[in-house]
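1. Sequence isn't available, so here's the structure alone:
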């Protein structure tokens, strides 16, 4: 499993200390071909003691992996959706910022798990790998959390949820050159699960990572397009109210991360990578109301964050992180002001 905790010092608000996640894995090998994989997640300190306090415990994923061959295997159950860079590899030692990139929280959204079946494997000796399958569709709604949170709140999770509609998800990566991974992934299908019909979502990303001699670079671009988003804007919520009466129809964002291990040129048992990351999100690039009229809302949504920092690895499975994130809101009418955050964290895998 893995764990991470952090401290954050923000401008004009209280500082935060949080046991962010403790995540034990449970697995069982029935035979050489069938394996059970389960991830249990205790977040913000564990089970939620009351409605006024943080913390919960949840099954993050649970699936059977039928490993039939290098060319064709199948995962069935509640599965990590194979999109982006961080969603499949989200342990704290595998990304260098204290928080995951905003793009992969607001727009992918990580950690994204869904019920379904996904085939995966290698395509001969070409250096290409693939993932392709059918999953439980996202459920976009027009609740009062605002259009800027629609993508993240559309995940079904692992609890009891409506599964009337399905969607296709696919991924293709090239890993034939040492240190290089470049590829694309996509989601296409229904944008709702309830009484709304006709709205469809297309989400895709282009991603690449490269690593050589202590140098690493990661980059990703993603966009989401919703057809007939006005039907979501005009839909009733489960309690019979109309909600916020708006829905996104376009969203996009990207990030670039550059890292270099300053101890790479000497013989050391430790690693000390320094990094810089630029992270841009526009989760409300286009928003419509129930009459399919474009409206200007959520002026706080579009932002860019530049993060600089350093990691220290006293062991390959343990990392101490420090970073300074500077967020700028792009819209002049935004009610949120630009903010700088200093963060420290401890992460490990075991």
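-> Yes, it's here. Everything numeric in this text was worked out from a predicted model, so none of it was measured. Numbering: from 1, shown residues only.
2. what sits against the closest residue to residue 40 other than its chain neighbours?
-> Nearest residue to residue 40 in three dimensions, chain neighbours excluded: residue 24, at 5.4 Å (CB to CB, 6 or more residues apart in numbering). For glycine as for every other residue, the C-beta is placed from the backbone atoms N, C-alpha and C. Residue 24 makes contact with 1, 39-40, according to CB atoms under 8 Å, 6 or more residues apart in numbering.
3. so how far is residue 293 from residue 282?
-> For residue 282, the distance to residue 293 (CB to CB, to the nearest Å) stands at 20 Å.
4. likewise residue 117?
-> Remark: distance between residue 117 and residue 293 (CB to CB) = 40 Å.
5. between those two, which one's more packed in?
-> Neighbour totals were compared for residue 117 and residue 293, and residue 117 leads with 16 against 10 (other CB atoms under 10 Å).
6. Given the one helix or strand the more buried one maps to, what are its sheet partners and their directions?
-> Assigned by DSSP states H and E, residue 117 belongs to strand 113-122. Strand pairing for strand 113-122, using DSSP bridges, gives strand 73-80 (antiparallel), strand 128-136 (antiparallel).
7. Now do that strand: everything it contacts.
-> Contacts with strand 113-122, where a contact means CB under 8 Å, 6+ apart, come from 60-61, 69-82, 128-136, 155-158, 163, 166, 169.
8. what sits against residue 283?
-> Applying CB under 8 Å, 6+ apart, the residues near residue 283 are 106-107, 147-151, 248, 251, 253, 298, 301-302.
9. need those residues in TSV with pLDDT and secondary structure, can you?
-> TSV is the format used below for these (pLDDT from 0 to 100; DSSP: H, G, I helix; E, B strand; the rest coil):
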residue	pLDDT	secondary structure
106	93	helix
107	96	coil
147	78	helix
148	83	helix
149	89	helix
150	91	helix
151	94	helix
248	92	strand
251	95	strand
253	97	strand
298	67	coil
301	88	coil
302	92	coil
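10. Tell me the buried residues within those.
-> Neighbour-count burial within the contacts of residue 283 applies to 106-107, 147-151, 248, 251, 253, 298, 301-302; the criterion is 16 or more other CB atoms under 10 Å.
11. Show me what counts as buried in the least confident helix or strand in the chain by mean pLDDT.
-> Counting by mean pLDDT, DSSP states H and E, the chain has its least confident helix or strand at helix 229-233, which shows a mean of 89. Neighbour-count burial for helix 229-233, counted by 16+ other CB under 10 Å, picks out 229-233.
12. follow-up on the earlier one: next one: the residue nearest to residue 40 from residue 57, what distance?
-> As for residue 24, its distance to residue 57 is 11 Å (criterion: CB to CB).
13. Need the residues touching each of the two.
-> With CB under 8 Å, 6+ apart, residue 24 and residue 57 have common neighbours residue 40.
14. Make a ChimeraX selection of the buried ones in the contacts of strand 113-122.
-> Remark: buried members of the contacts of strand 113-122, expressed as a ChimeraX selection using 16+ other CB under 10 Å:
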select :60,61,73,74,75,77,78,79,80,81,82,129,130,131,133,134,135,136,155,156,157,158,166,169
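15. what secondary structure does the residue nearest in space to the middle of the chain sit in?
-> Nearest residue to the geometric centre of the chain (CA atoms, centre = their mean): residue 110, 1.7 Å. Under DSSP: H, G, I helix; E, B strand; the rest coil, residue 110 falls in the coil class.
16. Please report phi then psi for it.
-> Dihedral angles of residue 110 (phi, psi; degrees, to the nearest 10) stand at phi -90, psi 140.
17. before we move on, back to that, could you dump the buried ones among the contacts of residue 283 into a markdown table with distance to residue 327 added?
-> Formatted as a markdown table, the buried ones among the contacts of residue 283 follow (distance: CB to CB, whole Å):
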| residue | distance to residue 327 |
| --- | --- |
| 106 | 13 |
| 107 | 16 |
| 147 | 19 |
| 148 | 14 |
| 149 | 17 |
| 150 | 20 |
| 151 | 19 |
| 248 | 21 |
| 251 | 18 |
| 253 | 13 |
| 298 | 16 |
| 301 | 12 |
| 302 | 11 |
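18. from the residues you listed, which is closest to residue 47?
-> residue 149 (24.1 Å; CB to CB).
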